[in-house]
Structures are given as C-alpha cells and as structure tokens.
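1. Sequence plus the predicted model coming up.
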Amino acid sequence: MTKREGKFDHDVVVIGSGFGGSVAAMRLNEKGYRVHVYEAGRRFEDNDFAKTNWNVRKYLWAPKLGCFGVQRIHKLPHVMILAGAGVGGGSLNYANTLYQPGPEFFEDRQWPEGDWQGALAPHYAKAKRMLGVVEQYPAVGPVEQLMRDAAKDLGVEASFRLAPTGVFYGEPGKRVPDPFFGGEGPDRTGCTFCGNCMVGCRVGAKNTLMKNYLALAERRGVTIEPLRTVTAVVPRRGGGFTVTTERSGAWPGLGRGRKSVSAEQVVFAGGTWGTQQLLHRMKHGGALPGLSDALGRLTRTNSEALDGAVAVSVPDEVGLAKGVAITTSFHIDERTHVENVRYGPGSNLMGALATILVPGDRGLFARLGSLVRQAVRAPIVSLKLASLRRWSERGIIALVMQTADNSLTLSLKRRLGGLLPPALTSAQGEGEPNPSYLPGAHAASKAIAARLQQASGVQTEARGSWPEVFGIPLTAHFLGGAVVSTSPETGVVDEYHRVWGYPGLHVVDGAAVPANPGVNPSLTITAMAEHAMSHWPRRGEPDERRPQ
C-alpha cells in the first residue's frame with residue numbers, strides 16, 4: 001500500500017453506498033486514501049422522495065422503465081427480495097430498525113475462528129453512535145399495546161420489547177443544527193411520526209447514511225458518483241484494477257456511456273444481490289477466475305416471512321399508520337422474532353403483494369384451492385380485505401425472522417442459449433431447507449388480527465402474500481453468498497473481508513454476513529464493516545494484517 005501518488009485514478013473504488021460501502025468510504029478517507037464511490041441509484045434530497053409509494057417513478061427501481069426510486073424488487077426461484085437503491089443504499093427505505101443479534105448468531109459454524117461476539121462488540125457500539133440509535137421507541141400508542149397483548153396471548157409477553165430505532169426524535173417538525181456530530185453533520189428535523197420511513201423520509205428525521213457516514217465522508221473529500229452501474233472489475237498488469245461502469249438503466253445499443261477508471265483496491269458493497277451478481281459474472285466471464293468456488297453458497301434470507309393482519313375498514317381509534325415503520329417486537333419461540341411494520345397514510349402500493357393466508361404445509365394446488373374456497377365462502381369480506389384503498393391504515397404487517405441454519409446456493413444460468421446475459425438462479429443450500437412459509441408467522445399474524453379486531457370492533461383477518469401462495473417467501477434481508485471464512489474452501493473472504501486470492505478486493509456488505517441474524521441486519525453489516533476497516537493500515541504505512 002505504498003503505491004506512488006498518481007499511479008491510479010483512485011486509491012480505493014467503493015461499489016455501492018449502503019451500510020458497508022458508507023463505512024468503508026468514511027473510514028478509509030480518514031486513513032488517508034483517495035476514495036471514489038459508485039452508486040447505481042440516484043441521489044435524493046429529503047424533498048425528492050415520493051410522498052407516497054404510488055409515485056412509482058420515485059419509489060420503485062426499474063431504471064430501464066424510467067423508475068429511479070428507492071425500492072428494488074428481485075425474484076429468484078426460492079425467494080422474492082426487497083432491497084434499496086440510491087445514494088445511501090438500503091438506509092433510504094429500510095425501517096430504521098437497529099437490533100444487535102443474540103449469541104446464537106455468533107455461534108454459527110461458518111464464522112472464522114475466534115470470539116466474534118467479543119471482537120465485534122466495540123464496533124457495534126461505534127455503529128450505534130454513528131447511526132444515532134435510540135434503544136427504545138419513545139412514542140408508545142395503541143399499536144404498541146396491541147403487539148404486547150398479542151405476545152401475551154401467545155404466552156411470550158416476557159420477550160416483548162420496544163424497538164431500537166435510528167431516528168431523530170426532536171421536537172416534531174422543528175429543524176435544528178446537527179445534534180449528532182458537533183455541528184459537522186447536516187441540520188435535522190424532528191420526527192413527525194408520519195409512517196412513511198420506508199418510502200423515503202421527506203422530513204429529515206430518519207438517520208439515513210446521508211445524515212451520518214456519507215455526509216461526513218463527502219465533507220472530508222470522498223467523491224460519490226450516482227447513476228453509474230459497475231459492469232466489470234478486472235486486474236491490471238502491474239497491480240490494481242480497472243473498474244468499468246455504465247449509465248444505470250442504459251439500453252443496449254442506445255449509448256451506455258461506458259467508462260473505466262483505475263484503482264489500487266476495490267470494495268464490493270453493492271448489497272448482496274449486486275455484489276453476488278457482479279462477482280459471479282466476473283468469475284464466469286474469466287475476469288476473476290480465481291474467485292472461490294464457495295461463491296453463492298450460504299446465501300441467506302434471514303429465514304424470513306412477511307404476513308400480517310388487515311381490517312375490512314379503517315379502525316380510526318387505533319391509528320395503525322401513525323408512528324415510525326417498526327416500533328416493537330417479540331419472540332414467538334427461541335429462534336423466531338416478530339416485528340410490526342407500517343406504511344404511512346396513502347402508501348398502499350405494497351398491499352398488492354398481500355392476499356388470503358393459506359396453509360403453507362400443503363402443495364401448490366391445495367394452497368390455491370384453500371385460497372379460492374376462502375374467497376368464495378365470504379366474497380364481500382374478501383373483496384374488502386383485498387382493496388388497496390387506505391390499506392396502510394387498515395393493517396399491520398408482521399415481519400418474521402429466524403436464526404435458523406438454512407441457506408440457498410446461488411449461481412449463474414444461461415438464458416436463451418446464451419443470447420441473453422446469464423442471470424442469477426437459486427437452489428436449496430446447506431443446512432435446513434430454506435422455508436417457503438413460517439408456521440410462527442401464521443400464528444403471530446392470527447394473534448395480531450384477533451387483538452386488532454378486539455381493540456377496534458372492526459372485522460380483521462390474518463393475511464399472507466401472493467408469493468407465499470406459490471411457495472416463494474418474501475425477504476427484506478438478503479444476505480451471504482460471499483461470506484467471511486477461515487479458508488477459500490469455505491467462503492469468499494477472509495476475516496478482514498479481503499477476497500481470497502485477490503487481497504486487493506474486499507466484500508463489505510450483507511454478502512459477507514455468514515449466518516441468519518434473526519433480526520434486522522443493518523447494524524450488523526455496519527459493525528462488521530467497522531471491524532474490517534479498523535484493520536486497514538493508514539495510507540503508506542505497513543499492513544499488519546495476516547497475509548493470506
């Protein structure tokens with residue numbers, strides 16, 4: 001790391017600006033590196049976010065169709081994935097929920113040797129300070145009491161807690177100078193509890209990465225280039241890498257705006273989907289043939305399901321849409337974690353994914369038959385429940401996660417005999433089969449529905465999702481596939497997140513997470529990135545990390 005000034009366009013190129021990429025950009029800049037960040041999505045100021053998620057051009061990510069929003073949706077044979085887009089990555093549309101996982105996460109056999117819970121503890125603390133974590137949601141209301149009552153009905157009230165959130169709870173709507181970083185960060189506005197955290201916070205209360213890591217990094221000299229998709233990372237003769245990008249959403253043959261830069265080192269931080277896709281293509285195409293054959297293995301979904309409860313009309317006295325996105329949680333058993341989730345008034349688009357809850361332990365035709373029978377048995381109620389009118393004000397989403405040891409294996413498959421570029425596909429992986437539904441999610445949804453009906457007097461039913469009807473779970477937390485490991489036989493990166501065989505390449509995002517945390521993983525991704533960056537030498541100084 002003693003290359004002379006000017007040999008490369010950048011000392012470090014960071015691909016992606018989510019939790020891992022933002023930590024890398026800021027911390028490496030602090031250590032004297034010239035850092036440039038590429039982000040496929042656009043830059044958003046607070047007022048740029050959609051007012052509701054019906055504004056699909058500002059909400060959904062489909063750049064070839066002119067949609068440059070914050071919400072990515074990807075589909076694999078075994079899972080449908082919700083992810084983020086834009087400068088700030090998943091922090092723009094995540095639910096600002098920052099749990100630290102329990103000891104079972106660190107006991108997974110995939111971790112490299114050592115006490116990782118102890119090693120990461122100071123980095124979790126640092127991540128909490130940077131992300132402005134408030135350990136307990138402060139605005140308790142009817143929904144929070146309803147969730148406590150549902151936990152009580154399930155016999156697990158002792159596990160109920162108010163969620164830790166990354167939000168500025170100042171005077172609602174009042175703008176004040178930076179309250180977090182001694183005035184070095186941006187001005188902030190107190191949370192108004194509008195509920196639209198996952199559409200994009202127009203208030204300025206949500207502690208997105210543009211309010212902390214990225215804001216500080218840019219002020220200190222890091223450059224960020226939005227709307228650029230990295231298409232290739234190729235080793236250069238004599239050291240370093242050539243990084244090639246094109247305009248996000250460009251159609252073939254219509255001018256892609258392709259360009260290349262050189263960098264001594266490259267950090268992959270494009271989120272699990274983006275990082276895996278790029279690494280698979282580089283390995284498959286021969287640019288990085290030495291990548292570990294473990295690439296794609298131990299891809300995790302956080303063993304997740306998204307179900308919930310919906311009323312036939314708005315239970316006004318309950319106020320389902322008022323608050324931040326996630327406010328409480330409880331454990332229905334030792335490995336199954338349940339959270340309530342909300343969108344704000346008017347943001348009803350994602351309700352299109354919801355449908356009748358069907359038994360998940362039956363075959364496809366039995367599930368479809370159950371759906372039809374329930375709809376025919378009560379057609380008027382079914383139509384009211386399916387309506388998207390004021391959906392966010394009529395329901396509670398149940399986000400359910402597990403620490404279960406299950407996984408998928410991702411790989412590339414040819415399309416149309418090679419006429420189209422290869423695409424990611426999935427197969428069941430190591431450990432238990434990745435579940436297509438969670439019995440605990442169904443039980444929790446029914447308990448929440450019963451309590452909502454009792455509290456409001458409005459008929460309420462537990463709800464599932466259309467993907468689940470077809471045996472495909474939904475996850476908002478796609479992880480793994482390029483995991484930390486003791487050797488290249490068992491993973492893609494070493495304990496310092498250096499790619500095995502290519503120590504100038506690094507994976508610093510959710511793809512490196514080796515196990516299902518069973519909680520929202522953003523804090524863990526941030527802590528793992530802080531740990532990795534803490535071991536980098538300062539620019540020009542000796543590297544004290546163990547050689548591969």
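-> All right, it came through fine. Numbers count the residues shown, from 1 in each chain.
2. quick one: stretch 139-153 to chain centroid distance?
-> Computed by Cα atoms, centre = their mean, to the nearest Å, the chain-centroid distance of stretch 139-153 equals 26 Å.
3. do the same with stretch 363-375
-> With Cα atoms, centre = their mean, you get 31 Å for stretch 363-375.
4. average pLDDT across that stretch?
-> For stretch 363-375, the mean per-residue pLDDT is 97.
5. Could you export it as PDB, CA atoms only?
-> Extracted in PDB, the C-alpha atoms of stretch 363-375 (Å, rounded to 0.1, in the frame of the first residue of the first chain):
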ATOM      1  CA  GLY A 363     -48.800 -28.400  -2.200                       C
ATOM      2  CA  LEU A 364     -49.500 -25.700  -4.700                       C
ATOM      3  CA  PHE A 365     -52.900 -26.900  -5.800                       C
ATOM      4  CA  ALA A 366     -54.000 -27.400  -2.200                       C
ATOM      5  CA  ARG A 367     -52.900 -23.800  -1.400                       C
ATOM      6  CA  LEU A 368     -54.700 -22.400  -4.400                       C
ATOM      7  CA  GLY A 369     -57.800 -24.400  -3.500                       C
ATOM      8  CA  SER A 370     -57.700 -23.000   0.000                       C
ATOM      9  CA  LEU A 371     -57.500 -19.500  -1.300                       C
ATOM     10  CA  VAL A 372     -60.400 -20.000  -3.700                       C
ATOM     11  CA  ARG A 373     -62.600 -21.600  -1.000                       C
ATOM     12  CA  GLN A 374     -62.000 -18.800   1.500                       C
ATOM     13  CA  ALA A 375     -62.700 -16.200  -1.100                       C
END
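6. List the buried residues in it.
-> Buried residues in stretch 363-375, counted by 16 or more other Cβ atoms under 10 Å: 367, 370-371, 374-375. The way it works is simple: take the backbone N, C-alpha and C, and place the C-beta from them, glycine included.
7. Looking at those, which two lie furthest apart in space?
-> Farthest-apart pair in the buried residues of stretch 363-375 is Arg367 and Ala375; separation 12.8 Å (Cβ to Cβ).
8. Among the buried residues of stretch 363-375, which ones are in strands?
-> Per DSSP state E, strands hold no members of the buried residues of stretch 363-375.
9. Restricted to helices, list those.
-> Among those, the ones falling in helices (DSSP state H) are 367, 370-371, 374-375.
10. how about the residues you listed in JSON lines, adding distance to Asp108?
-> Shown next, in JSON lines, are those (distance: Cβ to Cβ, whole Å):
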{"residue": "Arg367", "distance to Asp108": "32"}
{"residue": "Ser370", "distance to Asp108": "35"}
{"residue": "Leu371", "distance to Asp108": "36"}
{"residue": "Gln374", "distance to Asp108": "39"}
{"residue": "Ala375", "distance to Asp108": "42"}
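11. which one of those sits closest to Asn434?
-> Comparing those against Asn434 with Cβ to Cβ places Arg367 closest, at 17.5 Å.
12. Test my guess that that closest one contacts Val358.
-> Yes - using Cβ atoms under 8 Å, Arg367 is in contact with Val358, at 4.5 Å.
13. Now list whatever residues contact both of these two.
-> Residues touching both Arg367 and Val358 (Cβ atoms under 8 Å, 6 or more residues apart in numbering) are Val469.
14. which residues of the stretch 51-200 of the chain score low on pLDDT?
-> Applying pLDDT under 70 to the stretch 51-200 of the chain picks out no residues at all.
15. Tell me which stretches of it form helices.
-> With DSSP state H, counting those that start in this stretch as the criterion, the stretch 51-200 of the chain has helices at 56-59, 103-106, 116-131, 142-153.
16. same check, this time on the stretch 351-500 of the chain
-> 364-377, 379-386, 439-456, 466-469.
17. got TSV for the ones you listed, with distance to Asp543 too?
-> Converted to TSV, those look like this (distance: least, Cβ to Cβ, whole Å):
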stretch	distance to Asp543
helix 364-377	54
helix 379-386	59
helix 439-456	46
helix 466-469	46
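18. Any idea which of the ones you listed gets closest to Val234?
-> Evaluated over the helices of the stretch 351-500 of the chain, closeness to Val234 peaks at helix 466-469, with 36.7 Å, by Cβ to Cβ.
19. Could you name the helices and strands sitting against the closest one?
-> strand 354-356, helix 364-377 (3 or more Cβ pairs under 8 Å, 6 or more residues apart in numbering; DSSP states H and E).
20. just the angle between the longest one and helix 379-386, please?
-> Using axes from the mean of the first three to the mean of the last three Cα atoms, to 10 degrees, one finds that helix 364-377 and helix 379-386 are set 110 degrees apart in direction.
21. Now do helix 364-377: everything it contacts.
-> The set of residues external to helix 364-377 that reach it, using Cβ under 8 Å, 6+ apart, is 355-356, 358-360, 362, 382, 469-471.
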